[in-house]
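In: With the input below, show me the fold.
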Amino acid sequence: MKRTTLTLVLAAALSHTGGSALAEETRFKLPSIDAAQCKFPGYPKPALRRGEEGLVIVGVQVDESGTVLDTKILLSSGSPDLDQAAQTAFRKCPHKPGTVDGRPVTMWGQVQYVWTMEPSSGKLWKGLQQAALDGNLEARYALGALLSGPSRTEAEQAAGLKLVISAAEAGQPMAQIALASKYESGKQVPRDLAEAHRLYAEAAAQGNVVAIDHLRVLGDAH
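Out: Presented below is the predicted three-dimensional model:
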């Protein structure tokens, strides 16, 4: 028996301005899956036999009409089969386009998908915790992302934020994007657009397509 959990990442509308000028704000909303029309991925049989679990983040480039143009694995689950199943499914899902000031714009968004068995053995959590302790930044961010979900307690979300900050400060690009979005929105941290821009720029310098596109789209809007 399998159980999978879907979480949309950075799907909320964000306010952003160029530089430190707070007067002129651009309303920025990333593409999002049309969940009612999406056929979510089923567990690949080879991964199921091997008992593989993991968290994968898929980058999805969506045009103005909601058509998916491209996909990319931004954070691997550690299992090629799980990554491929998620990437293939989300490439086929209908999407709502991203917008800038209400105008549809071609841009990259991202989808987080958690693969776990049912009943859960705790394998995913134990693996991420050990890897994070061993200094793996991807595991540190993934653990922080899981603890930051809307169903988590306030204490769990606070712990998740600490992990995300730690991974971001160490240079993990997905953690930098997640933290930048919090600085943009003022969620869990004081609103700081200059710090958000710095984090997006650092993630973009590492080739992260979502960060690169975020800066490009906002640059075009001004």
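
In: Backbone dihedrals for residue 93, please?
Out: phi -70, psi 140 (degrees, to the nearest 10).

In: okay, now it: neighbour count?
Out: Counted by other Cβ atoms under 10 Å, the residues lying close to residue 93 total 18. The C-beta positions use only the backbone N, C-alpha and C, and glycine is treated the same way.

In: List the contacts of it.
Out: 33, 34, 37, 38, 39, 68 (Cβ atoms under 8 Å, 6 or more residues apart in numbering).

In: what's the answer for residue 65, then?
Out: Counted by Cβ under 8 Å, 6+ apart, residue 65 has contacts 97, 104.

In: gap between it and residue 105?
Out: Going from residue 65 to residue 105 by Cβ to Cβ, to the nearest Å gives 11 Å.

In: Do I have it right that residue 95 meets residue 64?
Out: No: using Cβ atoms under 8 Å, residue 95 makes no contact with residue 64, being 11.1 Å away.

In: packing partners for the helix or strand that contains residue 46?
Out: Per DSSP states H and E: residue 46 is located in helix 45-50. If contacts are counted by 3 or more Cβ pairs under 8 Å, 6 or more residues apart in numbering; DSSP states H and E, helix 45-50 sits against helix 80-92.

In: got the buried residues for the helix it packs on?
Out: 81, 82, 83, 85, 86, 87, 89, 90 (16 or more other Cβ atoms under 10 Å).
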